[in-house]
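> Just need the structure, nothing else, for what follows:
(chains A and B)
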There are 2 protein chains.
Amino acid sequence: MSADAPGRAGGQAPEELRPILDAAGEQTERMLAETELRLARIAAPTELPGGAGELATRAGATLAAGGKRLRPLLVFLCGAGAADPPPAGEPLVAAACSVELIHMAALLHDDVLDRAPLRRGLPTVFATDGRDAAVSTGDHLFARAFGELAATGHAGAVQTLSIASSALVRGELMQRADAWSADVVVARYLERCELKTASLFETACRLGALLGAPGPGAADRLGSFGRQIGLAFQILDDVLDLAGAPGQTGKRRGTDLLDGTVTLPLIYAREESTELAALDLRSVTTPEQAESVCATVAETAAFERATALALELVADAKRGAASMDLDRIEVLDLVADSVVARVS
Amino acid sequence: MSADAPGRAGGQAPEELRPILDAAGEQTERMLAETELRLARIAAPTELPGGAGELATRAGATLAAGGKRLRPLLVFLCGAGAADPPPAGEPLVAAACSVELIHMAALLHDDVLDRAPLRRGLPTVFATDGRDAAVSTGDHLFARAFGELAATGHAGAVQTLSIASSALVRGELMQRADAWSADVVVARYLERCELKTASLFETACRLGALLGAPGPGAADRLGSFGRQIGLAFQILDDVLDLAGAPGQTGKRRGTDLLDGTVTLPLIYAREESTELAALDLRSVTTPEQAESVCATVAETAAFERATALALELVADAKRGAASMDLDRIEVLDLVADSVVARVS
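Numbers count the residues shown, from 1 in each chain, chains lettered A, B, ... in the order given. Reported below is the predicted structural model:
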C-alpha cells in the first residue's frame, strides 16, 4: 500500500497538476523548478567523493524518476499564505527538497524490505544495484534532507521533519508487524496511515507555514489540513490498489494482498463477506488469486465506504482551510480535490 | 573494519575510561549518565505507538549493548573548554545523544549489509529480528538523532551532524565499492576512513564547541583534533583486526580479510611481500586462511608502519590542542592517548 506505487501513481503526472499550478501562479512553478534542480544537484557526482560516483547515478535516477511532487507543492502553497507573490523562495525550496528527500529515502528502504523490482514503472535501485546500494542511497538522501532544512537556520523546522521521519518509520514497521493479520481493525489501519503517510503531508504544510508568510501561528491549522488530505490520499491509494485505477482495466490489481497488507477496503469487505472473513491472506500468493479476492471485495460496499471516508476527510480539510485568513484557499482546495480526482 | 566491532572494542569498556573521567570531573560523568538515560528513553516503549513496541525492545537492546561512548565524551570535553565546571548540560547532552544515535544507526545498517551475526559479543538486531527490523530500527535512530539535536534550537549544529551523516554513508559505500580490490592505495584508504569514522569524531568535537563554552570560534580547531584522533582510531582498529588485540591471543583475527575490506596494514604489507601482492583476496574464505594471511602480514613492517602513522596523527592532534587556550587540554590529551593505548 505504498503511496506512489508504480502504475497507481502514473495516472497523476505533474502535468495533471496544471490547473493547480495555473491557479497558484508563476512563483510557485518557479520554486518547483528550483526544487527539481536542487534535488538533481544533491545527487550530482561532484557532490560525492571519488568512487562514490555510482551512488550519484543511482540517487539521480531515483530522483529523476520523479513523482507528483505533491509534498513540495504543499510546502509552497502553505508557505504562500495571504502574500501574493509568495515570499522569496530559498527556505521554502529547502523545505520542499527536505520533505521530498525523506519521501524518496523511505521509498528506497521500502523497496529493499519489499524486494520490489519496479517503482513508477522503472526498475528500483534495489533491483538494479542491489540491497546495499539501496540502503546506502536511502541513508544518504535521509542525511541530506536534514542538511537542507538545517541550512535554513530554523531548528523548529528540523524538529518537525524529525518527528515526521520517526512516524514514517514506525508506520512502516507497524505495516510489517500487521502483515497477513486478520485482526487489523479500522482504528489500527488509520493509525498506521497517519504515521506512514499523513505525517509527512502534515509536515510539508507545517514547514510551509513555519518558513513562509503565514508564520508559526498558522502551522497547526495548515498541518491539520495536510494531515487530513494525506490520510485521504493513502485511503484512496489503497482503494485503487484493490479496485483498479479507472481507465486502467486489465492492469493487475491487488498487489497489497500479495504483500499481506491489510487495507481499509479489505477490512470493510470482511465485515460483509463471510467468505473474505474466513480467508487466510497467506493463501493468496498468485496475481490470479489476488484478482479473485479483488472481485469479491468489489461485490461488497467496501470501496464506496472507504471512498466516502476519504471524501469526508477532504471536505473537512477544505472547511478547516476556509476558516483561515488565507488568500490562496482556492488553490489548497484544488490540491485537496486533486487527491479525490484519482478515483472519480 | 567497522569501528567498535565485537571483540576488538571489548578491551576498552567504559570502566577503562576511568582515568579520563576522573580528570574530567564530576560534571562530565553526570552528563554521560544523563546521556545513557536519554538514549534509553528514546527507545522506551512509551515513546512508540501501539504495536511498534517491538521496535523499542530492539532499539533498547542495541543501545543497551553500549560501547565506549567515546563520541559523547568528546562532545562534553570539547564543550567544557576553559570553563570549570562545564556549562549546563542540556544542549551538550542532546548533542552527545545525537552523535551516538547516528553511530548506532550506522552500525545497525552495517550489520544488515554485512549480514553480521554478532556485535560487541551480542547477537545483532539483524540476527535476532531480521533485516526489516534492523533497517527500520536504524532509520528510527537516525531520525531521532536529528530530532534531539534540533531541539537545541541550533540549526548550525544540525547541519554539522548532517554533513557527518552523509560522509559516513559515503564512506560505507566506498568500502563496499572497494571490497576485494587490489587497487586500494593509501590515499584512498585514508579518504574512506575520514568519511567513515573521522567525520563523526570531528562532529562530536565541533558540536561540543558550538553548543558549549568554547563557542563557534573554537569549532574548527577542536574539529581538527577530533578528525585526527578519529582517523588514528580507525587505523589502529584496522591494525588490531589483523594483528590481534594484545592479551587476546588465540582469538580470531582477520575478519576484515573475510569481508574483503582492504586496510592500511594490508596495503603496506603488499608493498613488501610479493606473496601478498599476488594474493587474490577473494580466495580468502575461511578463518584459517585469514589467520595465515595475518601471519604473513606480521612478517612485514606493516603493523609498525600503520601504528606509527596513527601515533603521528595523535601527536599532531595533541599539539594542535595544546596551542588552544583551553583549561582542559590535559583531558583531551588523555582521550587522544586512550586511542593509542589499545595497541600498547
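> mind listing what A:Gly230 touches?
Each residue near A:Gly230 by Cβ atoms under 8 Å, 6 or more residues apart in numbering or on different chains is listed here: A:Cys193, A:Glu194, A:Thr197, A:Ala198, A:Ser199, A:Leu200, A:Phe201, A:Glu202. C-betas here are computed from N, CA, C, even on glycine.
> just checking, the first one is part of a helix?
Yes: secondary structure of A:Cys193 (DSSP: H, G, I helix; E, B strand; the rest coil): part of a helix.
> element containing the nearest residue to it once chain neighbours are set aside?
Nearest non-adjacent residue to A:Cys193, counting by Cβ to Cβ, 6 or more residues apart in numbering or on different chains: A:Gln234, 4.3 Å away. Assigned by DSSP states H and E, A:Gln234 belongs to helix A:219-243.
> and if you look at A:Val169?
A:Val169 is part of helix A:155-177, with elements assigned from DSSP H and E.
> what angle sits between that helix and helix A:219-243?
30 degrees (axes from the mean of the first three to the mean of the last three Cα atoms, to 10 degrees).
> could you give the mean pLDDT of helix A:155-177?
Model confidence over helix A:155-177, given as mean pLDDT, is 88.
> Any residue of it touching chain B?
Yes: using Cβ under 8 Å from any Cβ of the partner chain, helix A:155-177 reaches chain B at A:155-156, A:158-159, A:161-163, A:165-166, A:168-170, A:172-174, A:176-177.
> Can you find the helix or strand of chain A with the lowest average pLDDT?
Of all helical and strand segments in chain A, the minimum by mean pLDDT, DSSP states H and E falls on helix A:53-64, at a mean of 59.
> need the next SSE after that helix, C-terminal direction.
Heading C-terminal from helix A:53-64 (DSSP H and E), you reach helix A:70-80.
> What lies in contact with that following helix?
The contact list for helix A:70-80, computed with Cβ under 8 Å, 6+ apart, reads A:17, A:20, A:24, A:27-28, A:31-32, A:35, A:86-87, A:92, A:95-97, A:99-100, A:103, A:200-201, A:204-209, A:211-214, A:218, A:222, A:225-226, A:233, A:327-328, A:331-332, A:335, A:338.
> Counting by contacts, list what the helix or strand that comes right after it packs against.
Where DSSP H and E defines the elements, the next helix or strand beyond helix A:70-80 is helix A:90-114. The contact analysis (3 or more Cβ pairs under 8 Å, 6 or more residues apart in numbering or on different chains; DSSP states H and E) places helix A:90-114 against helix A:26-42, helix A:53-64, helix A:70-80, helix A:125-150, helix A:155-177, helix A:199-211, helix B:125-150.
> Quickly, which of these bottoms out on average pLDDT?
Mean pLDDT across the helices and strands packed on helix A:90-114 is lowest at helix A:53-64; the value there is a mean of 59.
> For the stretch 151-300 of chain A, what lies in contact range of chain B?
Residues of the stretch 151-300 of chain A lying near chain B by Cβ under 8 Å from any Cβ: A:151-156, A:158-159, A:161-163, A:165-166, A:168-170, A:172-174, A:176-178, A:188, A:191, A:195.
> Put the buried members of the residues you listed into a PyMOL selection.
Buried members of those can be picked out in PyMOL with the line below, counting by 16 or more other Cβ atoms under 10 Å in any protein chain shown:
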select buried, chain A and resi 151+152+153+154+155+156+158+159+161+162+163+165+166+168+169+170+172+173+174+176+177+178+188+191+195
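> Check which helix or strand the residue lying closest to A:Ile329 once chain neighbours are set aside maps to.
Closest residue in space to A:Ile329, ignoring its immediate chain neighbours: A:Ala321 at 5.4 Å, by Cβ to Cβ, 6+ apart. With elements taken from DSSP H and E, the one containing A:Ala321 is helix A:302-322.
> ditto for A:Met324
Judged by DSSP H and E, A:Met324 forms part of no helix or strand.
> Tell me the pLDDT of it.
With respect to pLDDT, A:Met324 scores 83.
> wait, it sits on A:Gly217?
No: between A:Met324 and A:Gly217 there is no contact, the gap being 10.2 Å when judged by Cβ atoms under 8 Å.
> Tell me which of those two has more neighbours.
Applying other Cβ atoms under 10 Å in any protein chain shown to A:Met324 and A:Gly217 shows that A:Met324 carries more neighbours, namely 15 against 10.
> That's all I had, so thanks and see you.
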